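Asks: Sharing a sequence plus its predicted fold:
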Amino acid sequence: SQTIHQWPATLVQPVGSPLSLECTVEGTSNPNLYWYRQAAGRGLQLLFYSVGIGQISSEVPQNLSASRPQDRQFILSSKKLLLSDSGFYLCAWSGQDYEQYFGPGTRLTVT
Amino acid sequence: QKEVEQNSGPLSVPEGAIASLNCTYSDRVSQSFFWYRQYSGKSPELIMSIYSNGDKEDGRFTAQLNKASQYVSLLIRDSQPSDSATYLCAVKGNTPLVFGKGTRLSVIA
């Protein structure tokens, strides 16, 4: 069966500091991978998605970036965090049927 | 702008009743439709998918799709307090999934 991991689970970072969130998927090959952000009391905002190694599509221009160095690894990064970057960051994967399965999430607080 | 609209709620139903959650979407080429349940502080969990007009049943859950009306719904029979959560509707057309903002369901014991 497939499993998706995210770490860390929670993170408190000062404004201006860098960020690196990692997501890995087990039990499947060539998944589509997604990064979402969910701000407090708000809907899911798609940030990036990837259909293959090195292929990244950005949905929202901002100070975040994503990379996919391996088939089942997806990384979300920032060089300098803003207060508005606080939120619940979710990684998801899907197969060709587009059913998305979410990881446990990382709760980021920028102070 | 492709949109998915849901009533934010809260929708309150007594234990044992049927909860009815509704969703409308704007993209006529949408082909795949999904319902997710999200407990407070947790990540969304896929509970139903539906691809054809009509009803699809899975246990206490029934998804209903009407592409002509651009409408999808989720019925929860015999609602339990453990069903209290936010339910997200998601729609797939020619772009990645578009999610609604969710309906908060509260089942009162």
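Replies: Yes, it's here. Model, not experiment: these values are computed from the prediction. Residues are numbered from 1 along each chain as shown, chains lettered A, B, ... in the order given.
Asks: so who does the residue of chain B found nearest chain A touch?
Replies: Proximity of chain B to chain A (CB to the nearest CB) peaks at B:K101, 3.8 Å away. For every residue, glycine as well, the C-beta is placed using N, CA and C. Neighbour list for B:K101: A:R42, A:G43, B:Q6, B:S8, B:L88 [criterion: CB atoms under 8 Å, 6 or more residues apart in numbering or on different chains].
Asks: out of these, which is most surrounded?
Replies: Using other CB atoms under 10 Å in any protein chain shown as the neighbour criterion, B:L88 leads the contacts of B:K101 with 26 neighbours.
Asks: Show me what it is bridged to.
Replies: Per DSSP bridges, the residues bridged to B:L88 are B:Y36.
Asks: Residue of chain A closest to chain B, please.
Replies: For chain A, CB to the nearest CB, closest residue to chain B: A:G43, 3.8 Å.
Asks: didn't that residue look like it was pressed against B:G100?
Replies: Yes. With contact defined as CB atoms under 8 Å, A:G43 reaches B:G100; the gap is 6.9 Å.
Asks: so what's in contact with those two at the same time?
Replies: Jointly contacting A:G43 and B:G100 under the rule CB under 8 Å, 6+ apart are B:L88.
Asks: which stretches of chain B form strands?
Replies: Counting by DSSP state E, chain B has these strands, from start to end: B:4-5, B:11-14, B:19-25, B:32-38, B:45-50, B:54-58, B:61-66, B:71-76, B:85-92, B:98-99, B:103-108.
Asks: what's near enough to touch the residue most central in space within chain A?
Replies: Nearest residue to the geometric centre of chain A (CA atoms, centre = their mean): A:W35, 3.2 Å. A:W35 makes contacts with A:L21, A:C23, A:L46, A:L47, A:F48, A:Y49, A:A66, A:F74, A:L76, A:Y89, A:L90, A:C91, as judged by CB under 8 Å, 6+ apart.
Asks: ditto for A:R72
Replies: Contacts of A:R72 by CB under 8 Å, 6+ apart are A:T24, A:V25, A:E26, A:T28, A:S29, A:P31.
Asks: In the residues you listed, find the pair that's most separated.
Replies: A:T24 and A:S29 (13.1 Å; CB to CB).
Asks: So which bits of chain B are right by chain A?
Replies: Applying CB under 8 Å from any CB of the partner chain, we find that chain B lies next to chain A at B:32, B:34, B:42-46, B:49, B:88, B:90, B:92, B:96-97, B:99-102.
Asks: what bridges to A:Q38?
Replies: For A:Q38, the beta-bridge partners under DSSP bridges are A:L44, A:F88.
Asks: neighbours around it, how many?
Replies: 20.
Asks: same thing with A:F88?
Replies: Applying other CB under 10 Å, we find 18 residues neighbouring A:F88.
Asks: Contact partners for it?
Replies: Listed by CB under 8 Å, 6+ apart, the contact set of A:F88 reads A:R37, A:Q38, A:A39, A:G105, A:T106, A:R107, A:L108.
Asks: Equivalent analysis for B:S8, please.
Replies: Per CB under 8 Å, 6+ apart, neighbours of B:S8: B:K101, B:G102, B:T103, B:R104.
Asks: and chain A, which residues reach chain B?
Replies: Residues of chain A lying near chain B by CB under 8 Å from any CB: A:34, A:42-44, A:46, A:49, A:59, A:90, A:97-105.
Asks: Narrow those residues to those that are buried.
Replies: Neighbour counting by 16 or more other CB atoms under 10 Å in any protein chain shown classes A:34, A:43-44, A:46, A:49, A:90, A:98-103, A:105 among the residues of chain A next to chain B as buried.
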